[in-house]
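Engineer: predicted model and sequence below, questions to follow.
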Amino acid sequence: MFDITKAAVEETAKLKLTDANGSPLTGDKGKPCSITLNGPGSTAFAQAEAARQNRLLERARKGKKEFLTADEQRIEQAEFLASVTVSFDNFGYPPAGDATGKELFKALYLDRKLGFVTDQVQRFVGDWGNFTGSSATS
């Protein structure tokens, strides 16, 4: 009988970044720029999703029934993506100053001029296939 656990996904995977034109981004010494992310099968991802739902529920409880504005949606997306980000690899984000961890990640994800990075991360974490053993370094 087939052991279904052999199809289980990895906790994390690396997304190799491309620039806005689709060319690979490389850092110092030609190393690829990447972002290590928690996948949809991880506890960290489940916690980030729960936190996002709780924020939206809290908003509804406070009587804010109108739709989120574009800026509110962007902030919500950045908050979620920062929560599932493990690390930035081979690149920094100087505009964030001394920020580290989640605050650093969120600052980059909020940067409209780097929206192509945010889009890549959003697509990547939404695809379970990116977290399979064979593609965990996509």
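Structural biologist: Great, that's in hand.

Engineer: list of residues touching stretch 79-86?
Structural biologist: 12, 35-38, 42, 44-45, 47-49, 51-52, 55, 102-103, 105-106, 109, 118, 121-122, 125 (CB atoms under 8 Å, 6 or more residues apart in numbering). The C-beta positions use only the backbone N, C-alpha and C, and glycine is treated the same way.

Engineer: these in helices, which ones?
Structural biologist: Under the assignment DSSP state H, these contribute 44-45, 47-49, 51-52, 55, 102-103, 105-106, 109, 118, 121-122, 125 to helices.

Engineer: I'd like to know which helix or strand in the chain has the lowest mean pLDDT.
Structural biologist: Least confident helix or strand of the chain, by mean pLDDT, DSSP states H and E, is helix 43-61 with a mean of 91.

Engineer: tell me which element the most centrally placed residue in the chain falls in.
Structural biologist: Residue closest to the mean C-alpha point of the chain, counted by CA atoms, centre = their mean, is L81 at 3.5 Å. Using DSSP states H and E, L81 sits in helix 70-84.

Engineer: I'd assumed E66 was in a strand, is it?
Structural biologist: No: looking at E66 with DSSP: H, G, I helix; E, B strand; the rest coil, it is coil, so not inside a strand.

Engineer: re earlier: what residues of the helix holding L81 count as buried?
Structural biologist: 74-75, 77-84 (16 or more other CB atoms under 10 Å).
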